[in-house]
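S.K.: I'll drop the sequence and a predicted model, then ask my questions.
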Amino acid sequence: MPRTAQKKRPFKRLPKGPNGGIELLLIQSVDNLGRSGEVIEVKPGYAFNYLLPQGLATVATDHHKRMVDKHRAQIEEIEKARLADLAKETAEIAEQSLTIEANANEEGMLYGSVGTSEIAGALAAQGIKVETGSIKLDGQLKELGLYTVKVSLHPDIDAAELKVWVVPSTSDEE
């Protein structure tokens, strides 16, 4: 009985950089990596498992490089507008003050803790959408009181300082 030959999938080779990594063109800015329109060199695993599937980068062909050079001014205008919007949103966040209710004992220690997800949820209730990764805490908030929390929407924009009041929950005092 003859064995049937398996069809081989054509594997498309990606352009190698001077250091042996894969050259990619960033579609969107990636923190600690580069801005949109830049040609970067990354390890194959990072390219195949994160940048390409997430749509953050594409293969850096000569055609793509020429297209980016041609549209660089438009890309810079879009990036400037995006940064201006983020700066406006950062200023709006800095003007906010949040009050988060939490269960606490008589000494003011919380039974749980207040983290980035609770702060992001409280901001969302006020109509401001912020990802939890943008909120920078020194640690979990485990006591009642006033805290200053940094919210960084973009690396090029100074972080907003948000006032967060952690107060005792009023629902179990009845």
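M.R.: Received it, and whenever you're ready, just let me know what you need. Since the structure is predicted, the reported quantities are computational estimates derived from the model, not experimental observations.
S.K.: wouldn't Val30 be in contact with Leu51 here?
M.R.: Yes - at 7.4 Å, Val30 and Leu51 qualify as touching, with contact defined as Cβ atoms under 8 Å. (C-beta placed from N, C-alpha, C; glycine too.)
S.K.: helices or strands up against the helix or strand where Val166 lies?
M.R.: According to DSSP states H and E, Val166 maps onto strand 160-168. Judged by 3 or more Cβ pairs under 8 Å, 6 or more residues apart in numbering; DSSP states H and E, the packing partners of strand 160-168 are helix 62-94, strand 97-102, strand 109-114, helix 116-125, strand 141-143, strand 145-151.
S.K.: Off-centre distance for stretch 86-93?
M.R.: Stretch 86-93 sits 16 Å away from the centroid of its parent chain (Cα atoms, centre = their mean, to the nearest Å).
S.K.: And for stretch 78-92?
M.R.: Distance, centroid of stretch 78-92 to centroid of chain: 15 Å (Cα atoms, centre = their mean).
S.K.: can you list contacts of that stretch?
M.R.: Identification of contacts with stretch 78-92 by Cβ atoms under 8 Å, 6 or more residues apart in numbering yields Ser29, Arg35, Ser36, Ile128, Val151, Leu153, His154, Asp156, Ile157, Asp158, Ala159, Ala160.
S.K.: residue ranges with poor pLDDT in the chain?
M.R.: The chain contains residues with pLDDT under 70 at 1-13, 171-174.
S.K.: per the record, what domains does this protein have?
M.R.: By the assignment in automatic domain parsing, the chain contains the domains 22-88, 92-168.
S.K.: Tabulate these (CSV), appending mean neighbour count and distance to Pro15.
M.R.: Output for the domains of the chain, formatted as CSV (neighbours: other Cβ atoms under 10 Å; distance: least, Cβ to Cβ, whole Å):
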stretch, mean neighbour count, distance to Pro15
domain 22-88, 14, 5
domain 92-168, 15, 27
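S.K.: Looking at those domains, spot the one closest to Lys16.
M.R.: Nearest to Lys16, of all the domains of the chain, is domain 22-88, at 6.7 Å by Cβ to Cβ.
S.K.: Can you get me the start-to-end distance on that closest one?
M.R.: End-to-end distance of domain 22-88 (Cα to Cα, to the nearest Å): 37 Å.
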